[in-house]
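Q: return a 3D structure for these sequence lines:
(2 chains)
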Amino acid sequence: IKLISDAGFQGEITSVSTACHQIEVFSRVLRTSITTFLEGGVEVMEKNLPEFTKMVCHGEHTYLYSQVMMNILAQEQKGGSNIRRICQELQKCANDRGLDVTPITLALSGAAAYPRACQALSSMLSKKALNPADITILYKMYSDNQYPPPPVDLIRVPAFLDLMIESLFKSNVRLNQEHKSKYIYLLSYATSVTETYKKGVRKNIEKKELKPTTQALEKVQVLCSQNKNASELLVDVATLFQCIKFPVIAIGVLAWVDEILSDKSYFKLNTDHTPLHLVLVDEIVTNHILLHQKALDLLIRLFESSFDELDVLVRLELKKTVLDRIVHVFSCGCVLPVVNYIRERHTRQDTDISLIRHFVSEVLDVIAPPYTQEFVNLFLPLIENEGITGKLRSDDGNDPVSEFICHCKANYAAT
Amino acid sequence: FFNMAAGDTALWLHNKLGSTDDLWSGKTICAQLSQDKLQSIRGCFHTLQPHVKVKLMMSFLHIPRRNVDSWKGYLEEILMMAIHDTDQWVSMVGEILRTYPATGGLNLELEDNNGTFAEVLADLKKLVRKSMDVKMLPMECQFLNKTALLATTGQQPLPTKHFALKRKPKSATLRAELLQKSSEAALNKKRN
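A: Residues are numbered from 1 along each chain as shown, chains lettered A, B, ... in the order given. Predicted coordinates for the structure are as follows:
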């Protein structure tokens, strides 16, 4: 194995335990994987992550070694944040496998200098649940006016932020009302405060946005926790739109909407053509590029639910409404993931063709050249497909479908 | 007597950590560690199999902090023996944990310990610097206010524009309708 590795064929070494046995071989396989991720980006990483996790998580020591290597790389000023993302994905996968990686995460985070905060965090992260006592410890440290607070990065941990959102916006978590303001303060602090460092020493803590973030979060958290139905919420739309501009609130509202829409009776009881909650998703997508994928995931889940309890025609209408939201995500710039998804549905032949047709015609309604070659490559096959667009074409060729085909043939390379 | 105790301890460790099927089981011995135990582990460390040595050291990360503080000397001695071990995994793990008993942090100055590590790290560093535009953003970024995001990751490149928009999608009308209904509802509420 070492000979194969020395000869440079890392990709050929597929057996995990073989690769992990010798540190030299393991290091090189690790290098090959990280290189692939850096060259391929998020999609390639997500595809290869299960295999990568399996290798890295072979033992606690291989996980430690890999995280140490990547943490050193993540400190690079240029490009380091790419590696940080890989570290986090790996950590999440390990967690999902039931492995207790919290001690390694914290030992690498620089939390050791703040043992009390570190202990509070680690107990919550290990148990995957927040508790008032530990939250109070953190709250005191971050709101203290006498002593400088720990670095904001300490609580800017994805797993911690997720737990916070769950506590504040999901109904299955019973939040202790007496301590609620501490949760809100900490979450606002983590998302709004910026620190300036010079040569590793913290020079300044900017808290200008802390108060407005806290206030908005308080407002929306109350609205979401009151169990109001859509018509009762109508008067609060302007407030919700306003507050959704804060990314953290948008994430909370998405989690809340997700839960509400998962309730089977929601669409049965709601007769509005476009339910308020779906318009909130639109608004979030309009405001936050970084939340496109999250919103799309939610819409896809919704699109694929069976809605058994609804009449066939109502069900089809509802799916069109969801597709309109997906078209909205598309129009806001999340183009390739959306078209890829629709293509996948079409290939699998498990989606009513009228729905694919609906998507295509809504898209043609809003887009105009210039197109990218990449987009044409993906979208043109759907448009050229007789089964999908036959009914949308007219004999004289004066229709959006024929025009699109014509334009692409004249201006783009054949696909 | 000392050898007996050390032999017992070696056997105990072998029973607890000898399996190669589960390489995450280090922490299972934490509750049974004590000052005496560590003392006799120090005596038998060189006789242990490499993977047992590695798992033993990994257990250090799961020991409650106050115990780490009071056992610091023993832990460090064991780590020092590990650093000089001929097995490369053993010495690497020892090296990474070298600073842990004293500071709670890990040692990231590892290039001198292991040639491959240094080689791979150097290769990847070059690649990382070149990969600025891949933009796999850290997960917490989606939570951050604009100012905080800018401070962490710098200006984001604009997403590729795949087409021009000739009109707004249906969603725009719906939004306007909803706002209209909302202000009517607010008016009604005021009247009543």
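
Q: distance from the longest helix along chain B to the middle of the chain?
A: For chain B, the helix that runs over the most residues, judged by DSSP state H, is helix B:170-191. Taking CA atoms, centre = their mean, to the nearest Å, the mean C-alpha location of helix B:170-191 is offset from the chain mean by 49 Å.

Q: please apply the same query to stretch A:45-65.
A: Relative to its chain's centre, stretch A:45-65 lies at 21 Å (CA atoms, centre = their mean).

Q: and it, is it in reach of chain B?
A: Yes: taking CB under 8 Å from any CB of the partner chain as the criterion, stretch A:45-65 and chain B are in contact, through A:45, A:58-62, A:64-65. C-betas here are computed from N, CA, C, even on glycine.

Q: average pLDDT for the longest helix of chain B?
A: Averaged across helix B:170-191, pLDDT comes to 90.

Q: that one vs chain A: in contact?
A: Yes: applying CB under 8 Å from any CB, one finds helix B:170-191 touching chain A at B:170-171, B:174-175, B:178-179, B:181-183, B:185-186, B:189.

Q: show me where chain B has helices.
A: Going by DSSP H, chain B shows helices at B:2-17, B:35-44, B:50-60, B:65-83, B:88-97, B:100-103, B:115-130, B:146-153, B:170-191.

Q: which one, of the ones you listed, ends up nearest to residue A:346?
A: In terms of CB to CB, the element of the helices of chain B nearest to residue A:346 is helix B:170-191, at 21.6 Å.

Q: which helices and strands does the closest one pack with?
A: If contacts are counted by 3 or more CB pairs under 8 Å, 6 or more residues apart in numbering or on different chains; DSSP states H and E, helix B:170-191 sits against helix A:237-243, helix A:276-287, helix A:312-331.

Q: hmm, who's touching the helix or strand just after the second one?
A: On the C-terminal side of helix A:276-287, the closest following helix or strand by DSSP states H and E is helix A:292-304. Helix A:292-304 is touched from outside by A:251, A:254, A:257-258, A:261, A:281, A:284-285, A:319, A:322-323, A:325-326, A:329, A:332-334, A:337-338, A:341, B:142, with contacts defined as CB atoms under 8 Å, 6 or more residues apart in numbering or on different chains.

Q: helix A:292-304: which residues count as buried?
A: A:292, A:294-296, A:298-300, A:302-303 (16 or more other CB atoms under 10 Å in any protein chain shown).

Q: now, among these, which is nearest to chain B?
A: Checking the buried residues of helix A:292-304 against chain B with CB to the nearest CB, the nearest one is residue A:294 at 7.3 Å.

Q: which SS state does residue A:195 fall under?
A: At residue A:195 the chain is in strand, as set by DSSP: H, G, I helix; E, B strand; the rest coil.

Q: that one: what's it in contact with?
A: Contacts of residue A:195 (CB under 8 Å, 6+ apart): A:151-152, A:202, A:204-206, B:151.

Q: among these, which are located in helices?
A: Per DSSP H, the contacts of residue A:195 map to helices at residue B:151.

Q: so which residue is dead centre in chain B?
A: residue B:106 (9.9 Å; CA atoms, centre = their mean).

Q: you'd agree that one is up against residue B:99?
A: Yes: contact criterion CB atoms under 8 Å: residue B:106 and residue B:99 qualify, at 6.6 Å.

Q: just to revisit the earlier point, buried among the residues of helix B:170-191 next to chain A? Make that a PyMOL selection.
A: Selecting the buried subset of those in PyMOL, with 16+ other CB under 10 Å as the burial test, is done by:
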select buried, chain B and resi 170+171+174+175+178+181+182+185
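
Q: redo the residues of helix B:170-191 next to chain A as CSV? Include distance to residue A:122.
A: Output for the residues of helix B:170-191 next to chain A, formatted as CSV (distance: CB to CB, whole Å):
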residue, distance to residue A:122
B:170, 49
B:171, 44
B:174, 46
B:175, 44
B:178, 44
B:179, 46
B:181, 48
B:182, 45
B:183, 49
B:185, 47
B:186, 47
B:189, 48
